[in-house]
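> Fold the following.
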Amino acid sequence: MEIKIPEVDAYLSDGCGRCKYYNTPQCKVHRWNGELKALREIVLDCGLKEELKWSQPCYTYQNKNILIVSAFKEYCALNFFKGALLNDHHKILTQPTKNSRESRQVRFVSAARIAELKPILKEYILEAVEIEKSGKQIPKSKPEDFPYPEELLEKFNEDYAFRDAFEALTPGRQKSYLLHFASAKQAATRISRIEKCIPKIFDGLGFNER
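Below you'll find the predicted structure:
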């Protein structure tokens, strides 16, 4: 049974409220209003519960997050929380960022494309529900799954105490540093980032900790 909540009605009419363009013609929600409404109808037709989370329409099954509908500058999207587990037979899923392990998107720039994919979207949504029912989880990433910049490996060879301090960090802290170091395009920038983080690493802190 379709149950639309007023909070999502307000989102569609006014915007998400997370930027200065809230309730203005420049709001991204207004740009994709027709498409967002079409996606809403498709999702509700699959029997999911409508909620508002993170200021966006979120759809759940037995209190478990299945997907979220979002408006971006260049497109709107259906975002599956465990999209990496979907079969994606029709090759319509996109990785939101290169470091996204779990979530996957289906992006749209027209209502016509949404109408065209309607039966396929329902197929994916129902599959996502079955994945949630099964309790299947995406394996947690390990530090070795992330690239070690050459500059960091050189520092390890120069300073074994630093290497030991890094390896003593929790996997989550290691990953935060690896992402920070590897995201720099220039070798000089990577070296600078490593040098600045050495004291925190010796203190056992993560990149975002103080």
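> Test my guess that Arg31 contacts Ala71.
Yes. Checked against C-beta atoms under 8 Å, the pair Arg31 and Ala71 is within contact range at 6.8 Å. For every residue, glycine as well, the C-beta is placed using N, CA and C.
> Stretch 124-137 - what's its average pLDDT?
Per-residue pLDDT over stretch 124-137 has a mean of 95.
> That should have said stretch 97-110, apologies.
Confidence over stretch 97-110 (mean pLDDT, whole number) is 85.
> before we move on, back to that, look at Arg31 and Ala71 and report which has more neighbours.
Taking Arg31 and Ala71 together and counting by other C-beta atoms under 10 Å, Ala71 has the greater number of neighbours (22 against 18).
> my read: that one touches Leu12, true?
No. Taking contact to mean C-beta under 8 Å, the distance of 9.7 Å between Ala71 and Leu12 leaves them out of contact.
> Common neighbours of these two, please.
Any residue near both Ala71 and Leu12 by C-beta atoms under 8 Å, 6 or more residues apart in numbering counts here, and that gives 29, 36.
> From Ile42, how far off is the residue of the chain most remote from its centre?
The outermost residue of the chain relative to its centre, with distances by C-alpha atoms, centre = their mean, is Glu158 at 36.7 Å. The spacing between Glu158 and Ile42, counted by C-beta to C-beta, to the nearest Å, is 56 Å.
> Next, Leu78: secondary structure please.
Recorded secondary structure, Leu78: strand (DSSP: H, G, I helix; E, B strand; the rest coil).
> What number of neighbouring residues does it come out with?
Applying the criterion other C-beta under 10 Å, we find 27 residues in the vicinity of Leu78.
> Any buried residues in the top strand by length along the chain, and which?
When every strand of the chain is counted residue by residue (DSSP state E), the longest turns out to be strand 64-71. By neighbour count with 16 or more other C-beta atoms under 10 Å, strand 64-71 contains the buried residues 65-71.
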